[in-house]
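Visitor: Sequence and predicted structure are below.
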Amino acid sequence: MSRAVIAIHGGAGAIARAAMSAEKERAYIEALSSIVAHGQRLLAAGHSALDVVTEAVRQLEECPLFNAGKGAVFTHQGTHELDACVMDGRTLEAGAVAGVSRLRNPVLAARAVLENSPHVLLIGEGAEKFAQAQGLEQVEADFFFTQQRWDQLQRALSSQQVVLDHGSAPSGVDDPLDPDRKLGTVGAVACDLNGNLAAATSTGGMTNKQPGRVGDSPLPGAGCYANNANVAISCTGVGEVFIRTLAAYDIAALMEYAGLSLKQASDRVVLDKLPALGGEGGMIAVDRDGNVALPFNSEGMYRGYGYVGDEAVVGIYREA
């Protein structure tokens with residue numbers, strides 16, 4: 001019998017230990033712990049995996065510490081373009097939105113697409129009009145603004161780079177992970193009391209990205225996937241490589257066709273296949289038996305998980 005469990009992530013990237021303060025690290029740990037604990041309570045109360053991952057990602061979108069929703073990074077033009085996806089492992093239904101800029105919670109729009117649209121993925125203005133018709137909250141662009149993300153864009157513009165591969169953190173930046181190498185996506189996966197699996201992923205994308213760029217986060221099979229037959233997965237990293245490798249689905253395929261365990265499959269993709277193509281990042285995954293895997297090939301990944309009835313386990317850095 002599977003064990004009910006939730007796992008979440010808040011992005012992966014390079015450690016900037018010199019920039020770390022105990023206060024900021026504590027803020028991340030507290031945010032992760034609180035969201036995991038809330039998910040555990042929902043699971044214990046009998047809520048579905050789909051409801052639990054949707055709510056966990058909504059809470060991550062509301063937290064400006066992470067690159068999704070409020071606190072999302074800026075495009076080259078100084079705008080926001082947000083992406084999200086949810087997938088129900090019980091039915092294999094999925095819903096996603098991409099390139100939205102006025103939706104407070106893109107994950108709720110993705111959930112609405114899953115439930116109330118014949119389509120899987122809606123983009124831009126069409127997605128926003130659909131979400132508005134569903135009664136979802138729209139906001140002005142300045143809702144997503146944070147000074148830290150704006151400063152990050154200015155550094156990226158001055159160096160003429162799309163921020164994924166900068167070196168060490170600038171002095172005065174207070175973040176446990178180097179903000180210029182933090183592969184900022186949030187996500188959640190869960191197995192509920194009935195053994196159903198679900199996954200959700202949301203992101204603001206990459207700092208200084210070309211407007212119109214879409215990464216892996218809103219694409220079922222690339223950055224988000226769930227199938228009751230085997231596994232639920234949410235990814236964070238260099239989206240282009242996750243798309244090219246269908247990273248999330250590859251885990252499920254290795255488990256289904258090659259008979260690999262969750263750990264074997266996720267390690268093969270994250271530690272072997274992705275790095276071979278220059279792919280940095282990680283993922284969270286839970287299988288149909290409630291086993292959890294949180295592999296990453298970067299120096300750190302904001303992550304946490306919790307089984308119903310147990311204490312939440314959270315972390316940022318690579319374990320010794």
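Guide: Structure received.

Visitor: make it CA atoms for all contacts and neighbour counts henceforth
Guide: Noted.

Visitor: ok, and what's touching the longest helix along the chain?
Guide: Once the chain is assigned using DSSP state H, the helix that runs over the most residues is helix 22-44. For helix 22-44, contacts defined as Cα atoms under 8 Å, 6 or more residues apart in numbering pick out 4-8, 49, 52-53, 55-56, 59-60, 63, 65, 174-176, 192-193, 302-309, 312-316.

Visitor: show me where the stretch 151-300 of the chain has helices.
Guide: For the stretch 151-300 of the chain, the helices defined by DSSP state H, counting those that start in this stretch cover 239-245, 247-257, 262-267, 274-276.

Visitor: returning to what we had before: just the buried residues out of the contacts of helix 22-44, in ChimeraX syntax.
Guide: Remark: buried members of those, expressed as a ChimeraX selection using 16 or more other Cα atoms under 10 Å:
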select :4,5,6,7,8,49,52,53,55,56,59,60,63,65,174,175,176,192,193,302,303,304,305,306,307,308,312,313,314,315,316
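
Visitor: Can you pick out the ones from the contacts of helix 22-44 that are in strands?
Guide: Counting by DSSP state E, those place 5-8, 302-307, 313-316 in strands.

Visitor: just those now: which is nearest residue 146?
Guide: The shortest gap between residue 146 and any of those belongs to residue 302, at 19.6 Å (Cα to Cα).

Visitor: isn't the closest one right next to residue 11, touching?
Guide: Yes. At 5.7 Å, residue 302 counts as touching residue 11 under the criterion of Cα atoms under 8 Å.

Visitor: what's residue 87 sitting at in phi/psi?
Guide: Dihedral pair for residue 87: phi -140, psi 140, per degrees, to the nearest 10.

Visitor: Let me see the contact set for it.
Guide: 50, 93, 94, 95, 114, 198, 199, 200, 220, 224, 225, 226 are the contacts of residue 87 under Cα under 8 Å, 6+ apart.

Visitor: How about it, nearest residue that isn't a chain neighbour?
Guide: residue 94 (4.2 Å; Cα to Cα, 6 or more residues apart in numbering).

Visitor: Wait, a strand at the one you found?
Guide: Yes. Counting by DSSP: H, G, I helix; E, B strand; the rest coil, residue 94 falls inside a strand.

Visitor: So it versus residue 85, what's the distance?
Guide: 7 Å (Cα to Cα, to the nearest Å).

Visitor: Give the residues shared as contacts by the two.
Guide: 111, 220.

Visitor: Which of the two has more residues huddled nearby?
Guide: Taking other Cα atoms under 10 Å, residue 94 and residue 85 do not tie; residue 85 has more neighbours (35 against 28).
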